[in-house]
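Undergrad: using only what follows, build the 3D model:
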Amino acid sequence: MADKQNNLLAVIKTGAKQYIVREGDSIQVELLGAEPNDSVSFDEVLLVADGDNIEIGTPNVAGAKVNATVIGEIKGEKQIIFKYKPKKNYRVKTGHRQKYTSVQIEKIKLK
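TA: Numbers count the residues shown, from 1 in each chain. Have a look, this model is predicted:
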């Protein structure tokens, strides 16, 4: 039974990005605004694969859902933005750190 759960994977869409997930995975998605230990559900499931059985949605798989638990918020690496104009002594250096929500995938539900 444990092997069957490990073979089950899904492709979900959240925050205009797609993620391949399995039960027990921990992923970082764009900021959801949920508190730690909250339960979240991803309804936009694009693909579900269980071994050799693959179900592709048009665009979503009907009835499929991925449940996850929020671990917390984290910050990504700092991105440096540097602007300059040659020969004009114009230089501006700023930075940005994107916030992400870390989630633990609990269950992939089919229909």
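
Undergrad: ranges for the helices of this protein?
TA: Assigned by DSSP state H, the chain shows helices spanning 2-7.

Undergrad: which residues in it form strands?
TA: 8-14, 17-22, 26-30, 39-42, 45-50, 53-56, 65-85, 90-109 (DSSP state E).

Undergrad: between the last one and strand 45-50, how many degrees?
TA: Computed with axes from the mean of the first three to the mean of the last three CA atoms, to 10 degrees, the direction of strand 90-109 lies at 50 degrees from that of strand 45-50.

Undergrad: can you list the strands that strand 90-109 pairs with?
TA: Strand 90-109 sits in its sheet next to strand 26-30 (antiparallel), strand 65-85 (antiparallel), going by DSSP bridges.

Undergrad: turn those into a markdown table, columns for mean neighbour count and distance to Thr58.
TA: For glycine as for every other residue, the C-beta is placed from the backbone atoms N, C-alpha and C. Output for the strands paired with strand 90-109, formatted as a markdown table (neighbours: other CB atoms under 10 Å; distance: least, CB to CB, whole Å):
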| stretch | mean neighbour count | distance to Thr58 |
| --- | --- | --- |
| strand 26-30 | 15 | 23 |
| strand 65-85 | 13 | 17 |
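
Undergrad: how about those, which one is nearest Leu46?
TA: Closest to Leu46 of the strands paired with strand 90-109 is strand 65-85 (CB to CB; 10.7 Å).

Undergrad: show me the contacts for Lys99.
TA: With contact set as CB atoms under 8 Å, 6 or more residues apart in numbering, Lys99 has these partners: 31, 73-76.

Undergrad: what's the closest of the strands paired with strand 90-109 to Asp43?
TA: Minimum separation from Asp43 across the strands paired with strand 90-109 (CB to CB) falls at strand 65-85, 5.9 Å.
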